[in-house]
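Peer 1: take this sequence and fold it.
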Amino acid sequence: MGEQADLSDALSSAFPRSVEGRVLFGLALAFSVFQIVTAAHLWDLPSQIVRAVHVGFLCLLGLPLVAVLRNEGRAVRALFWALGLAGAAVALYQWTEYRDLILRAGNPNSLDTVVGVTALAVLFTATWRIMGLSLPIIAGVFLAYCLFGQYAPGLLQTRGYGFAQVVDHMAFGTEGIYGIPTYVSSTYIFLFILFGSFLERAGMITLFTDVSLGLVGHAKGGAAKVAVISSGLMGTISGSGVANVVTTGQLTIPLMKRFGYRPAFAGGVEATASMGGQIMPPVMGAVAFIMAETLNVPYTTVVTAAIVPAILYFASAFWVVHLEAGKRGLVGLSRAELPSPVEALRKGWYLLLPLGVLVWLLFSGFTPLYAGTIGLALTALLVLGAPVAGRLSPLAWRYVFWIALGLVAAAFFQYGILPIVAAIAGLVGLCALWRGGRETLALSRDALAEGAKTALPVGIACAIVGIIVGTMTLTGIANTFGQFIVAVGANSLFLSLVLTMLTCLVLGMGIPTIPNYIITSSIAGPALYDLGVPLLVSHMFVFYFGILADITPPVALACFAAAPIAKASGLKISFQAIKVAAAGFVIPFMAVYTPALMLQDGGPLADSIGYVPAVAYIIFKVCLAIGLWGAAAIGYLLAPLAWWERISAAAAALLLVAAVPATDEAGLALCAIVIAWHVLSVRRRSRPTAGGAATVGPAE
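Peer 2: Got it, this is the predicted structure:
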């Protein structure tokens with residue numbers, strides 16, 4: 001767990017100013033440029049070549065970069081430069097031998113096998129260096145199963161596969177390391193990472209934080225509510241929970257501590273809210289793109305299913321911090337020291353335009369690749385156009401300039417990318433003429449390089465997890481585990497869901513959300529579907545628990561990222577994060593029993609009362625459940641709760657999870673009893689005593 005945190009800290013550092021650092025910066029810049037020109041079809045290459053070069057860049061940049069950032073010795077750095085170059089050579093081989101490799105697919109020659117072994121060895125090393133040991137060990141176990149599965153006992157036994165066959169399956173074609181995850185990483189994911197990188201450097205973090213502070217900073221416990229809202233807003237452009245922690249957390253965690261929140265609780269709030277960014281539309285992190293490709297559904301279908309749960313997740317976190325503030329008597333910030341949300345929007349409204357266009361394109365049926373290309377191009381026009389417009393006077397000329405730039409952007413739909421490329425080139429030339437413009441060019445250059453660095457963990461995870469998926473397609477092991485889940489579910493769907501949840505959480509102790517989702521969805525997704533769970537809902541189920549694994553002990557990477565900022569134990573932060581994220585553990589189960597929660601058809605409730613009433617009812621029920629979960633976890637509602645009130649509230653919420661009429665009736669009745677009793681108790685205790693003082697107040 002410490003190793004993962006150290007690696008995360010290393011990659012969050014800036015590029016060194018040494019000669020090596022400048023070379024690596026140049027490689028990162030070249031990586032981003034390659035991804036942009038291929039995504040925008042300025043350079044059309046076969047998908048297999050794009051994937052191979054993508055992985056080659058990941059190895060060439062990632063291996064020496066980690067060594068340099070960790071200030072390792074010359075011999076170590078030289079070794080990892082050599083391995084990085086070997087990874088690049090594999091990509092070059094795939095490019096030059098592209099047609100011949102297709103012709104001899106399934107019948108590799110000796111050189112193919114040597115290159116394939118090199119590709120696997122370099123990838124395993126790169127994953128170890130960038131992600132830690134857990135993921136290479138898990139992938140290694142699956143690879144060993146391909147090679148030695150014929151010696152496994154019982155149902156796990158395979159027919160046996162030759163060494164060259166396994167290497168060919170994993171290192172060439174689209175069934176192994178160049179499978180769907182790498183395809184998604186080399187297209188959608190990279191573009192959206194760059195999109196977020198540009199917006200962050202253009203001031204989006206400041207805009208979101210100022211708006212959040214102005215809206216809720218004055219409310220009870222306002223500092224923590226700011227963390228929830230700002231992290232939720234950041235989630236719209238950034239799908240990385242750890243990145244959100246180390247960006248917005250730098251402001252929100254000290255702010256929460258300043259106003260009385262315990263350090264561990266402050267870290268838990270930020271970790272929970274930041275991880276929720278991965279389920280917040282429209283970007284939703286890398287998993288949503290992989291899910292759309294895996295299920296062969298439009299990205300908007302995944303986004304639609306995520307909207308209501310995402311809102312409820314953040315509403316639950318907001319509710320929990322409100323209860324904590326009430327319990328400890330924490331007040332909001334002074335209005336005098338808060339920024340104006342209207343003024344913040346007036347200054348930075350233009351930063352919302354690319355995000356608005358992105359959402360409109362996604363929901364208008366355009367592909368994520370197309371939408372991401374447009375969004376990134378529009379962001380570049382805005383960033384580069386701002387210093388040019390600032391030098392124009394009078395004001396009327398600025399309006400003319402922005403209208404002209406808008407027409408150029410709109411020309412994309414008619415004439416493709418070339419008008420935008422020409423406009424960007426022209427703006428680059430203009431910006432180079434004065435100091436402020438050159439500073440903007442430097443910001444854009446840095447955003448490209450930082451985007452490539454940010455993409456390293458995501459891309460490497462997508463490549464290595466291809467070995468796990470390749471093992472499943474080669475051996476059929478997923479069917480064996482799936483049959484076990486189906487057998488358990490024949491007697492109890494709830495037990496199957498718990499088993500799947502535990503699998504996600506256990507895997508999450510060592511690997512990030514992307515490989516966690518891919519492994520568990522490959523195994524459990526079809527099994528849950530066979531038990532009557534809609535396929536999209538089953539994938540969202542494992543997606544949610546893959547995210548929650550990052551705040552669940554003992555690893556809890558997001559919590560350990562928050563630890564140095566909060567100056568508290570990562571483990572203590574993790575336990576607090578579980579309290580704040582109570583809804584995250586409830587919502588997936590409720591969606592399985594009532595798919596209407598994810599705006600999906602089906603389920604007994606929708607069949608009996610209709611789709612729209614089912615949506616309204618399940619949302620009401622979830623709100624009631626997470627309200628009581630929060631009260632039970634914090635021990636406070638309108639006043640501190642007695643131990644038996646907390647147990648009763650938790651029991652009532654638990655009864656509401658299933659969509660069985662008997663449990664619903666019992667849960668609603670118990671909710672009414674708990675709430676009524678608490679309200680009456682508070683009123684009774686708050687009556688003035690003989691001495692004139694009330695007996696209720698915040699807990700000490």
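
Peer 1: for Pro534, report the pLDDT, please.
Peer 2: At Pro534 the predicted local confidence, pLDDT, stands at 86.

Peer 1: measure it to Met598 for me?
Peer 2: With distances defined as C-beta to C-beta, to the nearest Å, the gap from Pro534 to Met598 amounts to 8 Å. C-beta: built from backbone N, CA, C; applies to glycine.

Peer 1: look at those two and report which has more neighbours.
Peer 2: Residue environment comparison for Pro534 versus Met598 gives the larger neighbour count to Met598, 25 against 19, counting by other C-beta atoms under 10 Å.

Peer 1: contacting residues around the more buried one?
Peer 2: With contact taken as C-beta atoms under 8 Å, 6 or more residues apart in numbering, Met598 is in contact with 305-306, 308-309, 536-537, 540, 591.

Peer 1: wait, which of those is closest to Ala273?
Peer 2: Using C-beta to C-beta, Pro309 is the member of those that sits closest to Ala273, with 14.8 Å.

Peer 1: mind picking the two most distant members of the contacts of Met598?
Peer 2: Checking the contacts of Met598 with C-beta to C-beta, the most distant pair is Val308 and Leu536, at 13.4 Å.

Peer 1: neighbour count: the two, which is higher?
Peer 2: Shown here are Val308 and Leu536; by other C-beta under 10 Å, Leu536 has more neighbours (23 against 19).

Peer 1: host element of the closest residue to the more buried one other than its chain neighbours?
Peer 2: Leaving aside its sequence neighbours, Leu536 sits nearest to Ala305 (C-beta to C-beta, 6 or more residues apart in numbering; 5.6 Å). Secondary structure assignment for Ala305, by DSSP states H and E: helix 299-328.

Peer 1: just give me how far the helix or strand harbouring Leu474 sits from the chain centre.
Peer 2: With the criterion set as DSSP H and E, the secondary-structure element containing Leu474 is helix 435-475. Averaging C-alpha coordinates over helix 435-475 and over its chain gives two centres that are 14 Å apart (C-alpha atoms, centre = their mean, to the nearest Å).

Peer 1: what's the average pLDDT for that helix?
Peer 2: Averaging pLDDT along helix 435-475 yields 87.

Peer 1: cool, stretch 483-502 as well?
Peer 2: Confidence over stretch 483-502, taken as the mean pLDDT, stands at 76.

Peer 1: burial of Ala164, as a residue count?
Peer 2: The burial count for Ala164: 16, using other C-beta under 10 Å.

Peer 1: please apply the same query to Gly627.
Peer 2: A count of neighbours around Gly627, defined by other C-beta under 10 Å, yields 22.

Peer 1: so how many other residues sit close to Arg262?
Peer 2: Residues near Arg262, counting by other C-beta under 10 Å: 16.

Peer 1: in whichever strand or helix holds Ala396, which residues are buried?
Peer 2: Taking DSSP H and E as the criterion, the element that holds Ala396 is helix 395-410. Residues of helix 395-410 classed as buried: 402, 405, 408-409 (neighbour count, 16 or more other C-beta atoms under 10 Å).

Peer 1: same question for stretch 637-644.
Peer 2: Using 16+ other C-beta under 10 Å, the residues of stretch 637-644 that count as buried are 637-641.

Peer 1: and that stretch, how far from the chain's centre?
Peer 2: The offset between the C-alpha centroid of stretch 637-644 and the centroid of the whole chain comes to 35 Å, using C-alpha atoms, centre = their mean.

Peer 1: and the contacts of that stretch?
Peer 2: Surrounding stretch 637-644, the residues in contact under the criterion C-beta under 8 Å, 6+ apart are 323, 326-327, 631-632, 635, 649, 675, 678-679, 681-682, 685-686, 696, 699.

Peer 1: can you tell me which of the residues you listed lies nearest to Phe620?
Peer 2: Ile675 (14.0 Å).

Peer 1: that closest one: neighbour count?
Peer 2: Using other C-beta under 10 Å, Ile675 has 18 other residues around it.

Peer 1: and the helix or strand hosting it, what does it pack against?
Peer 2: Under the criterion DSSP H and E, the helix or strand holding Ile675 is helix 661-686. For helix 661-686, the elements it packs on are helix 611-634, helix 643-655, judged by 3 or more C-beta pairs under 8 Å, 6 or more residues apart in numbering; DSSP states H and E.

Peer 1: so where is the stretch 201-350 of the chain shaky, pLDDT-wise?
Peer 2: Low-confidence segments of the stretch 201-350 of the chain, defined by pLDDT under 70, span residues 235-244, 246-247, 283, 285-286.

Peer 1: three-state assignment of Ser522?
Peer 2: At Ser522 the chain is in helix, as set by DSSP: H, G, I helix; E, B strand; the rest coil.

Peer 1: surely it meets Val469?
Peer 2: Yes: under the contact definition of C-beta atoms under 8 Å, Ser522 touches Val469, with a separation of 6.1 Å.

Peer 1: residues near Glu20, how many?
Peer 2: Glu20, neighbours per other C-beta under 10 Å, totals 16.

Peer 1: how about Ser13, secondary structure?
Peer 2: When classified by three-state DSSP, Ser13 comes out as coil.

Peer 1: distance of the closest residue to it other than its chain neighbours relative to Pro515?
Peer 2: Leaving aside its sequence neighbours, Ser13 sits nearest to Leu69 (C-beta to C-beta, 6+ apart; 5.2 Å). From Leu69 over to Pro515 the distance is 23 Å, taken as C-beta to C-beta.

Peer 1: of the two, who's got more company?
Peer 2: Between Leu69 and Pro515, Pro515 has the larger neighbour count (other C-beta under 10 Å), namely 29 against 20.

Peer 1: for that one, list the residues it contacts.
Peer 2: With contact taken as C-beta under 8 Å, 6+ apart, Pro515 is in contact with 135, 138, 461-462, 464-465, 468, 507.

Peer 1: and what of Ile618?
Peer 2: Taking C-beta under 8 Å, 6+ apart as the contact definition, Ile618 lies against 590, 594, 596-597, 605, 659.

Peer 1: could you do Gly385 as well?
Peer 2: 401-402, 405, 427.

Peer 1: can we see that at 6 Å?
Peer 2: When contacts are counted by C-beta atoms under 6 Å, 6 or more residues apart in numbering, Gly385 is found next to 405, 427.

Peer 1: same check on Phe265?
Peer 2: So Phe265 contacts Gln576 (C-beta under 6 Å, 6+ apart).

Peer 1: and the average pLDDT for stretch 365-372 is what?
Peer 2: Here stretch 365-372 scores 78 as its mean pLDDT.

Peer 1: try stretch 621-638
Peer 2: Per-residue pLDDT over stretch 621-638 has a mean of 86.

Peer 1: pull out the buried residues from that stretch.
Peer 2: By 16+ other C-beta under 10 Å, the buried positions in stretch 621-638 come out as 621-622, 624-638.

Peer 1: which strand or helix spans Leu213?
Peer 2: For Leu213, the enclosing helix or strand under DSSP H and E is helix 204-216.

Peer 1: so which elements touch that helix?
Peer 2: On a contact count with 3 or more C-beta pairs under 6 Å, 6 or more residues apart in numbering; DSSP states H and E, helix 204-216 meets helix 222-234, helix 341-348.

Peer 1: and it, how far out from the chain's middle?
Peer 2: Distance of helix 204-216 from the chain centroid (C-alpha atoms, centre = their mean) equals 21 Å.

Peer 1: also stretch 571-578?
Peer 2: Stretch 571-578 has its average C-alpha position 19 Å from the chain's average C-alpha position, going by C-alpha atoms, centre = their mean.

Peer 1: list the buried residues for that stretch?
Peer 2: Taking 16+ other C-beta under 10 Å as the neighbour-count basis, stretch 571-578 is seen to contain the buried residues 571-578.

Peer 1: neighbouring contacts of that stretch?
Peer 2: Stretch 571-578 is contacted by residues 264-265, 267-268, 271-272, 551, 553, 556, 559, 562-563 when judged by C-beta under 6 Å, 6+ apart.

Peer 1: tell me the two of these that are most distant?
Peer 2: Phe265 and Pro553 (15.6 Å).

Peer 1: all good on my end, thank you.
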